[in-house]
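1. okay, sequence plus prediction incoming.
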Amino acid sequence: MRRSENSLASRFAGGLLPGLGERDGRFAGLKPRRVHLPDGPRIFQSKTSRLYLRGVEGLEPQPVGGLEPEATLARGVRLLQGMSLPGCGRPTWWIGVGTALGFSRDGGFIAHDTDIDVRVALDFRRPRRALASAAAIVRGFRMEGFELVREMYWELRPMQTAFVDTRNNEIILDVYYFYSGIKAGHFVNYNWEGFREKPARFVDGIRACPWPGHPEISVNVPQPIEEYNAWRWGPDWRVPKRNSELTERDLKCIRPLPSE
């Protein structure tokens, strides 16, 4: 990312947000004052210069094929549809990555996929509202049998909250937060693997659609879905591949994290 494109992010860096984060120790300026995973022997913490990650050690994701992921999707959708999240636009959420690819290419979940991918829109210029939205999601999902296993923050703003469904084979439902207010015409997410600048037109065109074979489950799908898949997975998105087979051509939308 060029410095001019990241000027807004720099202006709202963790050290300039009094009251939002911890100022002492190894994670000073990176760890929000309130995190949702309690300290314990299985909880790990990691960081880069601007990213803070907290999670449960030893988590082994498993393919969703044969585990009835539709039941987890239905409960997650119901929760999200019932939430009024601070600072979120409309539509508030949508499916992405492998879940969107399976929806449009495979007519359902990709059997070897290991999670359900959900995205939520937030505003980078409103960090307190972003934290409040993530807290509301954590609180609501926990009440319905989802256990938080991972949370990630960039400059004190939530970037990911991942859950396992304790009521359905510990299927992972992974929420990533994409932000307006960083680069015009885009929604941006920073994470451990890099960052993505999603063209806003995919979010602006979101349409509610029935999940294949389950008309009772309505999901928000980025549109045009074919163009979204090409942006996320590259020009060969119609060719089924496992993660180990993906190349830079397939993952061209993921860029290295800015170091300053």
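-> All right, it came through fine.

2. can we go C-alpha only for contacts and neighbour counts from here?
-> OK.

3. pick out the residue closest to the middle of this protein.
-> Tyr176 (1.0 Å; Cα atoms, centre = their mean).

4. what sits against that residue?
-> Residues near Tyr176 by Cα atoms under 8 Å, 6 or more residues apart in numbering: 117-120, 159-161, 189.

5. what bridges to it?
-> Beta-bridge partners for Tyr176, by DSSP bridges, are Arg119, Gln160.

6. what separates it from Ala200, distance-wise?
-> 16 Å (Cα to Cα, to the nearest Å).

7. ok, Ser180 next?
-> Relative to Ala200, Ser180 is positioned 8 Å away (Cα to Cα).

8. ok, Arg128 next?
-> Using Cα to Cα, one obtains 23 Å as the distance from Arg128 to Ala200.

9. likewise Glu144?
-> Counting by Cα to Cα - Glu144 and Ala200 are separated by 31 Å.

10. again, but for Lys47
-> Here the distance between Lys47 and Ala200 works out to 29 Å (Cα to Cα).

11. mind checking what helix or strand follows the helix or strand of the chain with the lowest mean pLDDT in sequence?
-> Ranked by mean pLDDT, DSSP states H and E, the helix or strand of the chain with the weakest confidence is helix 7-11, at a mean of 35. Moving toward the C-terminus from helix 7-11, the next helix or strand (DSSP states H and E) is strand 43-47.

12. with only the CA atoms kept, save that following strand in CSV.
-> As requested, C-alpha coordinates have been extracted for strand 43-47 and formatted as CSV (Å, rounded to 0.1, in the frame of the first residue of the first chain):
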residue,chain,number,x,y,z
ILE,A,43,-4.7,-18.9,24.9
PHE,A,44,-1.9,-17.6,22.8
GLN,A,45,-1.1,-14.0,21.7
SER,A,46,0.9,-12.8,18.7
LYS,A,47,1.6,-9.5,17.0
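
13. contacts for it, please.
-> Contacts made with strand 43-47 from outside it, assessed by Cα under 8 Å, 6+ apart, are listed as 27, 30, 37, 52-57.

14. buried members of those into PyMOL, please.
-> Selecting in PyMOL just the buried members of those, where the criterion is 16 or more other Cα atoms under 10 Å, is done with this command:
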select buried, resi 27+30+37+52+53+54+55+56
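
15. neighbour-wise, which of the contacts of Tyr176 leads?
-> Among the contacts of Tyr176, the one with the most neighbours (other Cα atoms under 10 Å) is Met159, at 29 neighbours.
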